[in-house]
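K.L.:
Just the structure for this:
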Amino acid sequence: MAQHLIFGAGLIGGFMAGSFASNGLAVSVVGRETMRQRFAGDFTVTDYNGHEAIVSNINFIASGEKPEIEFDFIWLTVKCTGLVQALIDLKPYVSDNTVILSCQNGLGSDAAVKAVFPENIVRRVIMTSNVALQSDVHLHRGSQGDLFVEAHVCDDGRNLADTVSTELLVAQHIENIEAYSWAKLQLNLANAVNALADIPVKQMLEQRGFRKIIAMAMQELIEVAHAKGIVLPKIAAVPMHLVPKVLNTPDWLFKLLGSKMMDIDPTVRTSMWWDLSGNRLTEVDVLNGAVVKEGMKLGFACPINQRIVDYIHHAEANEKRKPFSQEEFLSA
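P.N.:
Okay, the predicted model is just below:
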């Protein structure tokens, strides 16, 4: 049986481990020693559609602990902000035939992985859902979205995506992963707004001011992607080029057109909110900042995304920040 290692046992990595294990796969996770108890007994993963799995067959490896087995697949689920150190720590777990799955947000993280492991196959993976901690031994996927896995055929002839796909986390086999990375980046532009808003995602989307800010940021990305010749695939409830238009509608109309966007657990917040609230550096530079950077290469200004980056950096540097004002942002 192929051996899977989740390197980074946070919310996303933990949920993937539970989902994979529920499918009978051989799964190990690497994490801080403080996380050992999470995987020591029964571990529960659920989703907003009511699916549930309770697993007890996940092997835990403490960070720095020497592995006793060789891994066929390593799912690298650490955030971009921790990638440099993670690639150093990952080396003892990588063998000659290990396939590394780069699961980072933003653009270009796989290049860093390939630079450190040039002899290994590296594939990109895109997780489009939010995961929340229900308890120390219960992770919950609170929003719609599949797991997009860059095309890879296993030794038994099956697509890797088919091997790991479950009811809890449907995986799709994707040939043009670059376009999907841009589509996911479009959705991720809302992460910073949610962090600044300091409220659950669903509550944020109920307010047109926040939706307008997100829509303007997304429109900048769409224009940059169009200039690069990238056709954004549909990974949301509506086609990606229409998402800003739907977000920008009045509240009464958004309730009709955006009803599927609101199909989300009312407690869900984005990962950037968790980072900002925990006084950790965020991924804003590889999300909104990536749009600014790609736009500059083409001579495009992306002022909305640049202002969002500036707001987040200011918040990172000020532990006691004042509440974010939609009106102030929109009127500037």
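K.L.:
ok, and what's touching stretch 22-29?
P.N.:
With CB atoms under 8 Å, 6 or more residues apart in numbering as the test, stretch 22-29 has contacts from 1-7, 9, 13-14, 17, 20-21, 35, 39, 45, 53, 55, 57-61, 67, 69, 71, 163-166, 168. (C-beta placed from N, C-alpha, C; glycine too.)
K.L.:
let's see 7 Å
P.N.:
Residues outside stretch 22-29 that contact it (CB atoms under 7 Å, 6 or more residues apart in numbering): 1-6, 9, 13, 17, 20-21, 39, 45, 53, 55, 58-61, 164, 166, 168.
K.L.:
Send me it as CSV with only the CA atoms.
P.N.:
Taking Å, rounded to 0.1, in the frame of the first residue of the first chain, the C-alpha atoms of stretch 22-29 are listed here in CSV:
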residue,chain,number,x,y,z
SER,A,22,-11.3,7.4,6.0
ASN,A,23,-10.7,6.0,2.5
GLY,A,24,-8.4,3.3,3.9
LEU,A,25,-5.1,4.9,2.8
ALA,A,26,-2.0,4.6,4.9
VAL,A,27,-1.5,8.1,6.3
SER,A,28,1.1,9.6,8.6
VAL,A,29,1.3,13.2,9.8
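K.L.:
Just the buried residues of it, please?
P.N.:
For stretch 22-29, a neighbour-count test (16 or more other CB atoms under 10 Å) marks 22-23, 25-29 as buried.
K.L.:
pLDDT of it, averaged?
P.N.:
The pLDDT scores in stretch 22-29 average 96.
K.L.:
Strands of the stretch 151-300 of the chain, residue ranges please.
P.N.:
171-174 (DSSP state E, counting those that start in this stretch).
K.L.:
What are the boundaries of the helices in it?
P.N.:
Listed in chain order, the helices of the stretch 151-300 of the chain (DSSP state H, counting those that start in this stretch) span 160-164, 177-197, 201-205, 208-227, 243-247, 251-257, 271-277, 288-297.
K.L.:
Could you name the helices and strands sitting against the helix or strand containing Val149?
P.N.:
Taking DSSP states H and E as the criterion, Val149 maps to strand 147-150. For strand 147-150, the contact count by 3 or more CB pairs under 7 Å, 6 or more residues apart in numbering; DSSP states H and E identifies strand 122-127, strand 171-174, helix 177-197 as packing neighbours.
K.L.:
Would you format the helices of the stretch 151-300 of the chain as CSV with mean neighbour count, distance to Ser102 and mean pLDDT included?
P.N.:
Below are these laid out as CSV (neighbours: other CB atoms under 10 Å; distance: least, CB to CB, whole Å; pLDDT from 0 to 100):
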stretch, mean neighbour count, distance to Ser102, mean pLDDT
helix 160-164, 19, 13, 97
helix 177-197, 23, 10, 96
helix 201-205, 21, 25, 94
helix 208-227, 21, 20, 97
helix 243-247, 21, 25, 96
helix 251-257, 12, 34, 92
helix 271-277, 20, 17, 91
helix 288-297, 21, 15, 97
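K.L.:
for those, which one sits closest to Asp265?
P.N.:
If you check each of the helices of the stretch 151-300 of the chain against Asp265 by CB to CB, helix 201-205 wins as the nearest, at 7.6 Å.
K.L.:
Please tell me how far the closest one is from the chain's geometric centre.
P.N.:
Relative to its chain's centre, helix 201-205 lies at 18 Å (CA atoms, centre = their mean, to the nearest Å).
K.L.:
Cheers, nothing more for now.
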